[in-house]
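K.L.:
I would like the atomic coordinates for the input below:
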Amino acid sequence: LLYNIEAAPTGPQVGAFFDFDGTLIAGFSATAVAVGAVGIIAREPTSSLVVLNGMALGVAILIPWGSRYQIAAVAIAIAVAIWTYGSTGPVSTELWLHPVGLVLPSLAVSVAVAYLLQRQRRMVAESERQRLARERGLREANKRLEVEIRDREKSEQALRFALLELDHRVKNTLATLQSLAEQTLETSGSAEGFARSFRGRIRAMANIHTGLAARRWEGLDLRELIELVVGPYRLRDESMSLRCDGASLSVEEARSLGTALHELATNAAKYGALSTADGRIDIDAAVSNADDRRLRLVWTERGGPRVS
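P.N.:
Here you go, the predicted model:
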């Protein structure tokens, strides 16, 4: 019974139809009256007083109910003790204080012990709450740390991949520059011509590089590549007519095709349609979706110098 009472909340707000404290005080009152009646019938009030004293001590320490119920229970025990003594025969005035004197020290000790126990319970509950809060904080910190470790591992892996990719692209770029230099040197008749042609080709590569970097090196659209390489050579908007699909080119495809387009545009600007104010070029390009992936490019020039 005591275990169930301690496990349950105290006070009349335990349930809407059941009052633990009221039920206990009623049972205590009935028990106290029964103990007093036994003492009166047996003409032995001392034993009843001892029992009542123990009951008062018990309700103050063992039963965790409200303080007003504790005081009421002790008052009931005192009243029953006085009634028991008064009913067993005539007694002196000093003897009326005898049960009160026995109960009051027990009551004082009971209240003090009950206060200390409640304080200890509160301290234990607060300590447990703090411990749970610390454990919860540690669990959350561990989860955040695990997420940070995973993110760092992913970042390091991405960095290693980026370094490898950078090394590969730098080697490809140097090889391309070497090839451009050799081709330019073979087709140039003078140092000035070599410098002019080589600068143009480097500029075209730089434009392609800028476009690829803007797309995070995921390739270029065919239309975008043609605009980057050939667009700077046209004298006006009508100088170039472009028809092409939205095919996507890889990095290597964009570099190779960009170099070829640059050669066509340079030749047109020097000797072809783009060297005159009325000239224009028509570009029709498309990439097949077949497994072999072929490019169809039709370059037509109109309005250029007369071919002799």
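
K.L.:
Tell me who's in contact with residue 210.
P.N.:
residue 228 (Cβ atoms under 8 Å, 6 or more residues apart in numbering). C-betas here are computed from N, CA, C, even on glycine.

K.L.:
Now do it, the pLDDT please.
P.N.:
In the prediction, the pLDDT value recorded for residue 210 is 83.

K.L.:
Pull out the buried residues from the helix or strand harbouring it.
P.N.:
Residue 210 belongs to helix 191-214 when assigned by DSSP states H and E. By neighbour count on 16 or more other Cβ atoms under 10 Å, the buried set for helix 191-214 is 194, 197-198, 200-201, 204-205, 207-209, 211-212.

K.L.:
Determine how far it lies from the middle of the whole chain.
P.N.:
Centroid separation between helix 191-214 and its chain, computed with Cα atoms, centre = their mean, to the nearest Å, is 48 Å.

K.L.:
where are the low-confidence patches of the stretch 151-300 of the chain?
P.N.:
Applying pLDDT under 70 to the stretch 151-300 of the chain picks out residues 180, 187, 290.

K.L.:
related to what we said a few turns ago, quick one: the buried residues of helix 191-214 as a markdown table, columns for distance to residue 55 too.
P.N.:
Formatted as a markdown table, these follow (distance: Cβ to Cβ, whole Å):
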| residue | distance to residue 55 |
| --- | --- |
| 194 | 117 |
| 197 | 115 |
| 198 | 112 |
| 200 | 111 |
| 201 | 109 |
| 204 | 105 |
| 205 | 102 |
| 207 | 101 |
| 208 | 99 |
| 209 | 96 |
| 211 | 95 |
| 212 | 93 |
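
K.L.:
Quick one: the helices in this protein, in order.
P.N.:
2-7, 20-42, 45-61, 67-87, 93-187, 191-214, 222-230, 251-270 (DSSP state H).

K.L.:
Residue 244 is nearest to which of these?
P.N.:
Of all the helices of the chain, it is helix 222-230 that lies closest to residue 244, at 5.1 Å by Cβ to Cβ.

K.L.:
Show residues contacting that closest one.
P.N.:
In contact with helix 222-230 (Cβ under 8 Å, 6+ apart) are residues 204, 207-208, 210-211, 220, 240, 242, 244-249, 254, 257-258, 261-262, 264-265, 281, 283, 285-287.

K.L.:
Quick one: buried ones out of those?
P.N.:
Using 16+ other Cβ under 10 Å, the buried ones in the contacts of helix 222-230 are 204, 207-208, 211, 220, 240, 244, 247, 249, 254, 257-258, 261-262, 264-265, 281, 283, 285, 287.

K.L.:
follow-up on the earlier one: among the buried residues of helix 191-214, which one sits closest to residue 39?
P.N.:
Closest to residue 39, out of all of the buried residues of helix 191-214 and judged by Cβ to Cβ, is residue 212, at 105.9 Å.

K.L.:
For that closest one, which residues are in contact?
P.N.:
So residue 212 contacts 219-220, 251, 254 (Cβ under 8 Å, 6+ apart).

K.L.:
ok, 7 Å please
P.N.:
220, 251, 254 (Cβ atoms under 7 Å, 6 or more residues apart in numbering).

K.L.:
Just the closest of those to residue 122, please.
P.N.:
Distances from residue 122 to the contacts of residue 212, taken by Cβ to Cβ, are shortest for residue 251, at 70.5 Å.

K.L.:
The closest one and residue 215 touch, don't they?
P.N.:
No. In this structure residue 251 lies outside contact range of residue 215 using Cβ atoms under 7 Å: 9.4 Å.
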